[in-house]
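> The amino acid sequence is not available; the structure is as follows:
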């Protein structure tokens, strides 16, 4: 890994801050450099981290008391200048003041959790924030795609051509054929197949029977006997109708004579000899 | 590798348009890039990409013989339309059959595209021409058709009498059938049990 | 040169996005492309362009040492605010991480917009919810983050091993979140009347 090499300048300075430094100059340096930039800090922890860095020692070895003093001085100066400080700065100040007094107490009078424990936690939080701030700087300083390294400027692109995989089931197929058949059958009025006596056979039958008899006969006597196939009432009606039309035809051609004495009465006929 | 050659390579790679030698040179402190271009061109010879000059402009492109790899086909299941299913059924029951005959049987005109879909699906093929005036193209089913529908031969298709017995020649309430038999259009689990052809195909996809 | 190697080279060259080995393989008839990738990576070593793996996805990019030659042509990517870079680092080093945890580390509330900017840049994504009371949304980095910052995986984050060894990447415990935005509750008289900063954040998340 090429980490330290590509660190940006600002971060390199941070790294230097963390290295050991002569403690004698610390107080002086702080006084000179402490500046009140109310908008410059991202919250009290940010300010504390900056103050800790001014101690110019590894964050693990900062003096908490010194840090607390620096923070309290900052807050006092801000108040003296009548600068509006956010509430969380003041809360932090109050807590740090408490921490300081607890740290200064003799060991046996110290509350629980111990101020050392609290100081360590504060230190850990500063370290964590410091680590992330440094990591962010290192990350930003890397060779970044689109800034330092570049992807292909004009890639042809990969194309995915969608091809239909046709689906059809056996049922769909057979059903479709059935539908076609149903739809395409010619529309014919199909009378259910029925047994009838055709006109031709009725004429033949009546004519031959007339030839045998010389007397008047009732039309119904010309019908076939009502047994077996001819027992069917529908067929009998058909035979009656056909025979009637046959008699009319024979009368028209002068081969038979028809007589009916009353309305709906029996229809009688006999052969007409030329 | 020479630094100038590397720089030319990177410049052409990152460029959004083909570049002339002069343009590359302007990028790289007016260096003479022609030898580098020649070297690179030779370097890439026989690789998957190559450096080409077109109208004095240079660019990288993928090797032409690999073009087919850059287009991938993706198969997506699609249900055959109703019209296409009918045409397919008519071809299966009446093959070989001309388009005019299909239309006569269906009682409606059949779009050319419908037969194309069936041929694309691999189920219908052109089976020659009928030796009648106009020599119409005739269509028949393919072995893939039999495979898809799990048929040994076309004789296994149910005859008219069987269709009638199964109620398939009765006018039906389409909606009812749709709802009753296939709530999910593509869910093969709702298919009739002897519909292996369908499932086999899906596995292949 | 092997045909498969050529094909992998052409595929990656033509691709508009970094591709996983599986995606390349899908293009090339399911061939095992890993040996080809390794061969190509070695091939391009020392050239003006190189083949890199970022979060299991592969792409070609220009060699970093040529940045000074190529950079002038390109626009500087949008500059991130300090807060945004810090949040990005926290997400990367601690992922998956909730907004409350980010705030615990930073000691300040993090504007919703900061995470939005990082998500819009394509570097951070929502990675679900943490199964703790309140089910806070958790965030993680994306493959694009790795590609942009030239990381093969999060293991390559600068100094991550040292930070972990020093305990600085330990999960932010509940107590830390509790105390994130306010001091320790030693003496309740010093307490601010409300501590809603933390809870508001969770609600928003």
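Received the coordinates, thanks. Keep in mind that this is a model prediction, so the values were computed, not measured.
> Check the burial of residue A:115 by counting its neighbours.
21 (other Cβ atoms under 10 Å in any protein chain shown). Just so you know, the C-beta spots here come from the backbone N, C-alpha and C atoms, and that holds for glycine as well.
> can you give me the helices for the chain?
Reading this off chain A. A:9-18, A:26-33, A:44-54, A:64-80, A:87-104, A:115-140, A:170-184, A:199-212, A:233-252 (DSSP state H).
> ah, no, chain B please
Counting by DSSP H, the helices of chain B are B:3-14, B:21-27, B:34-44, B:82-94, B:99-106, B:112-120, B:143-148, B:160-165, B:174-181, B:196-204.
> Those helices: which one's closest to residue C:123?
Closest approach to residue C:123 among these (Cβ to Cβ): helix B:3-14, 21.6 Å.
> quick one: contacts for residue A:75?
Contacts for residue A:75 (Cβ atoms under 8 Å, 6 or more residues apart in numbering or on different chains) come out as A:85, A:89, A:90, A:93.
> most neighbours, which of these?
residue A:93 leads the contacts of residue A:75 on contacts (other Cβ under 10 Å) with 21 neighbours.
> Check whether that one really touches residue A:71, as I assumed.
Yes - with contact defined as Cβ atoms under 8 Å, residue A:93 reaches residue A:71; the gap is 6.6 Å.
> Tell me, how many residues neighbour residue 60?
I'll assume chain A. Quick note: residue A:60 (other Cβ under 10 Å) scores 12 neighbours.
> please go with chain B instead
Neighbours of residue B:60 (other Cβ under 10 Å): 23.
> ok, now the one 4 residues further on?
By the other Cβ under 10 Å criterion, the neighbourhood of residue B:64 contains 10 residues.
> So for it, what's the pLDDT?
At residue B:64, the model reports a pLDDT of 88.
> Residue B:44 too?
94.
> Count the neighbours of residue A:129 for me.
Residue A:129: 26 neighbours (other Cβ under 10 Å).
> Tell me the bridge partners for the residue nearest to residue B:142 when sequence neighbours are not counted.
Nearest non-adjacent residue to residue B:142, counting by Cβ to Cβ, 6 or more residues apart in numbering or on different chains: residue B:125, 5.0 Å away. Counting by DSSP bridges, residue B:125 forms beta bridges with residue B:140.
> surely residue B:125 meets residue B:137?
No - the criterion here is Cβ under 8 Å, and residue B:125 misses it with residue B:137 at 10.5 Å.
> residues in contact with residue 46?
Picked chain A for this. A:129, C:106, C:107, C:108.
> Chain B was what I was after
C:1, C:6.
> ok, now with 7 Å
residue C:1 (Cβ atoms under 7 Å, 6 or more residues apart in numbering or on different chains).
> picking up where we left off before, need the buried ones from the contacts of residue A:46 selected in ChimeraX.
To isolate the buried members of the contacts of residue A:46 in ChimeraX, using 16 or more other Cβ atoms under 10 Å in any protein chain shown:
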select /A:129 /C:106,107,108
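> among the contacts of residue A:46, which two are most distant?
A:129 and C:108 (9.9 Å).
> contacting residues around residue 100?
Looking at chain A here, since you left the chain open. A:65, A:68.
> That was the other one, I meant chain B.
Counted by Cβ under 7 Å, 6+ apart, residue B:100 has contacts residue B:136.
> All good on my end, thank you.
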